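**Student:** Mind folding the following:
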Amino acid sequence: MSLYDLIHLRPEEAEKRLTFEDYFDYGIMGDSECNIDDEYQEVCILHLCEKMSKRFFREWALEAFLELTHNRLPILCGEMIIENLMNEDLWNICLAAESTIHEDNVIKCNNKRTRRVRKASKKQKLD
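**Tutor:** Predicted coordinates for the structure are as follows:
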């Protein structure tokens with residue numbers, strides 16, 4: 001498959017047809033093999049990295065997205081939404097879910113502490 005064909009493949013199709021080693025081989029091709037200027041070669045490599053890591057980010061972001069929506073959407077709808085996002089957007093979904101989980105844990109922790117304080121105050125009043 002030519003580099004031109006690879007660049008035009010949808011990420012899902014590229015996942016089926018290529019391995020990580022294939023991406024590596026395309027990424028290390030020299031100017032002599034590709035006839036690409038250095039400026040464009042860097043852009044090309046970035047594009048290949050985006051394509052290669054898409055599956056990883058999609059899998060993690062889907063779970064995070066469903067968490068953020070409190071599982072109000074069917075998985076199929078979540079997959080359709082996630083499918084069209086770029087890796088940076090998928091990464092931001094993961095970060096948003098992580099911060100939400102952290103906030104929930106802080107709230108739970110504070111609620112437990114508040115209950116302990118209330119119980120202690122009741123005991124002091126009884127004494």
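
**Student:** measure the residue lying closest to residue 52 once chain neighbours are set aside to residue 36 for me?
**Tutor:** Sequence neighbours aside, residue 23 is the residue nearest to residue 52 in space, at 4.6 Å (criterion: CB to CB, 6 or more residues apart in numbering). All C-beta atoms are positioned from the backbone trio N, CA, C, and that covers glycine. Computed as CB to CB, to the nearest Å, the residue 23 to residue 36 distance reads 16 Å.

**Student:** Kindly report the same for residue 44.
**Tutor:** If you measure residue 44 against residue 36 using CB to CB, the figure is 6 Å.

**Student:** Find residues that contact each of the two.
**Tutor:** When contacts are counted by CB atoms under 8 Å, 6 or more residues apart in numbering, the set common to residue 44 and residue 36 consists of residue 3.

**Student:** Find the residue ranges of the protein scoring beneath the pLDDT cut-off.
**Tutor:** 26-35, 101-127 (pLDDT under 70).

**Student:** all helices in it, in order from the N-terminus.
**Tutor:** For the chain, the helices defined by DSSP state H cover 3-8, 11-17, 20-28, 31-34, 38-68, 75-83, 87-126.

**Student:** now the fifth one, how far from the centre of its chain.
**Tutor:** Using CA atoms, centre = their mean, to the nearest Å, the mean C-alpha position of helix 38-68 is found 8 Å from that of the whole chain.
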